[in-house]
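Visitor: Here is a sequence with its predicted model. Questions after.
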Amino acid sequence: MHFHIITIFPSFFDPFLSEGLIKKGIDKGAFSVSVHDLRDFTDDVHRTVDDRPFGGGSGMVMKVEPIYRAVESLRRENSKVILFTPRGRRFTQKKALEMSKESDIIMICGRYEGIDARVEEHIADEKISIGSYVLMGGEVPAMAVVETVSRILPGAVGKDGFLENRMNEEGFAEYKQYTRPEVFSPCEGVEWKVPKTLLSGDHKKVSQWKNKRKRIIK
Ligand code: ADE
């Protein structure tokens, strides 16, 4: 699986890609990520990526040509091209599972007040929103997609297959979890305890307890 990210802020991704499980997954070869500076695909000395909107209005609109050139230089036969916009289809665990079957994903991060609509009309295969709120751009959504999709790729996180028993067509199972100490006292007279069942060693009861509190993330 390869993720391409097209952005005007490539350095946003430096810490993201060089820490923790993302770095580990990349080092193990479970997936790879390349970040592309949209300004490298401009053809003027000012490396212009935006312009005023036709028909008036405030703010700037991202131009179609640099995005076209960037995508065309990266696109392969099986590439899936995604545009991040709050008007897109909602990104969910199910969608992440679908995306984890792709081999090459090209993500376009919009910025400013908008992107020339010809990008969604002619270049992107799909528009994705990560939630019903308006961010300043598509960089945070791109990170959300890389994190969510990469952690379900085989071999990316932990021991091979350790997430599989928590995942099926229905969604991803999330449980309440606790670790030591069994009792934590934040101040005198107050005790925060781990539920007794989890300490019982009775596997059947433990699994009943977990199932009762399970949340399926769809
Ligand atoms: N760009 C701005 N807001 C966004 C959102 N909620 N999802 C995806 N892209 C966005």
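Guide: Everything's here; your move.
Visitor: So which bits of this protein are right by the ligand?
Guide: Selection of the chain residues close to the ligand by C-beta under 6 Å from any ligand atom yields 84-86, 88, 110, 129-131, 133-135, 137-138, 141. From N, CA and C alone the C-beta is placed, and that goes for glycine too.
Visitor: Drop anything exposed from those residues.
Guide: F84, T85, P86, G88, G110, S129, I130, L135, G137, G138, P141 (16 or more other C-beta atoms under 10 Å).
Visitor: on that earlier part again, point out the ones among the residues of the chain next to the ligand that are inside strands.
Guide: Secondary structure assignment (DSSP state E) places F84, T85, P86, G88, S129 from those within strands.
Visitor: Confirm V33 sits in a strand?
Guide: Yes: counting by DSSP: H, G, I helix; E, B strand; the rest coil, V33 is part of a strand.
Visitor: confidence score at it?
Guide: Looking at V33, its pLDDT is 98.
Visitor: How about the contacts made by it?
Guide: H2, F3, H4, I5, F13, L17, I22, I26, V146 (C-beta atoms under 8 Å, 6 or more residues apart in numbering).
Visitor: Give the bridge partners for the third one, please.
Guide: Put plainly, it is H4. S34, I106 (DSSP bridges).
Visitor: What's the separation between it and the ligand?
Guide: In this view, H4 and the ligand are 17 Å apart by C-beta to the nearest ligand atom, to the nearest Å.
Visitor: doesn't S103 make contact with that residue?
Guide: No: proximity of H4 to S103 does not meet the contact threshold set by C-beta atoms under 8 Å, at 11.8 Å.
Visitor: From the centre of the protein, point out the most distant residue.
Guide: Computed with C-alpha atoms, centre = their mean, the residue of the chain farthest from its C-alpha average is G189, at 42.8 Å.
Visitor: ok, it - contacts?
Guide: Counting by C-beta under 8 Å, 6+ apart, G189 has no contacts.
Visitor: now swap in L83 and tell me
Guide: By C-beta under 8 Å, 6+ apart, the residues touching L83 are I108, G110, I115, V119, E120, I123, A124, E126, K127, I128, G138.
Visitor: Buried ones among the residues you listed?
Guide: Looks like those have I108, G110, I115, V119, E120, I123, A124, K127, I128, G138 buried, using 16+ other C-beta under 10 Å.
Visitor: Just to be sure, which of these are found in strands?
Guide: Reading strands off the buried ones among the contacts of L83 with DSSP E, I get I108, I115, K127, I128.
Visitor: Now render those residues as JSON lines, adding pLDDT.
Guide: Output for these, formatted as JSON lines (pLDDT from 0 to 100):
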{"residue": "I108", "pLDDT": "98"}
{"residue": "I115", "pLDDT": "96"}
{"residue": "K127", "pLDDT": "98"}
{"residue": "I128", "pLDDT": "98"}
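Visitor: Could you find which two of those are furthest from each other?
Guide: Greatest spatial distance among these (C-beta to C-beta): I115 and I128, at 13.2 Å.
Visitor: Overlap in contacts, those two.
Guide: L83, T85.
Visitor: quick one: contacts of the lowest-mean-pLDDT helix or strand in the chain?
Guide: Using mean pLDDT, DSSP states H and E, the weakest-scoring helix or strand in the chain turns out to be strand 167-168, at a mean of 74. The contact list for strand 167-168 (C-beta under 8 Å, 6+ apart) reads L97, I152, A173.
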